[in-house]
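1. the sequence and its predicted three-dimensional model are supplied below.
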Amino acid sequence: MEGDLGRNTYRGPHFAQVDGGFTKSSRIPWFTHEGAQLQFRAEIANLFNRVNLNGMDSNLADGNFGHATGVGIARTPQFSLRVHF
């Protein structure tokens, strides 16, 4: 029997994620007579690669009580190039 504990008594670990990105633009005058701009962009999700646990088992009768059954995404980079003319 679970007793008389209130709702949301069992809490899992905290979620923390830092995302980052930067952009570098360069002029390329030889592309057209008016010139163009080349833009490089880098974005990184979960910059510090912190483990975020989820899916905590809160069933007291289960053998996995209190254990995490899943994890969030790992560090994920994304790069892009763009030409403005």
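-> Perfect, I can see it now.

2. quick one: mean pLDDT for the helix or strand where Leu38 lies?
-> Here Leu38 sits within strand 36-45, counting by DSSP states H and E. For strand 36-45, mean pLDDT rounds to 96.

3. then stretch 64-78?
-> 90.

4. ok, back up a step: which other residues reach the very next helix or strand once past the strand holding Leu38?
-> Proceeding N to C from strand 36-45, the next assigned helix or strand is strand 53-56, under DSSP H and E. Contact partners of strand 53-56, identified using Cβ atoms under 8 Å, 6 or more residues apart in numbering, comprise 10, 12-13, 15, 66-72. Yep, even glycine has a C-beta here, placed from its N, CA and C like the rest.

5. closest one of those to Ile44?
-> Gly72 (14.5 Å; Cβ to Cβ).

6. that closest one: neighbouring residues, count only.
-> Number of residues near Gly72 (other Cβ atoms under 10 Å) recorded here: 14.

7. can you name the residues that contact the closest residue to it other than its chain neighbours?
-> Closest residue to Gly72 apart from its sequence neighbours, by Cβ to Cβ, 6 or more residues apart in numbering: Asn52 at 3.6 Å. Residues near Asn52 by Cβ under 8 Å, 6+ apart: 13, 15-17, 46, 71-72.
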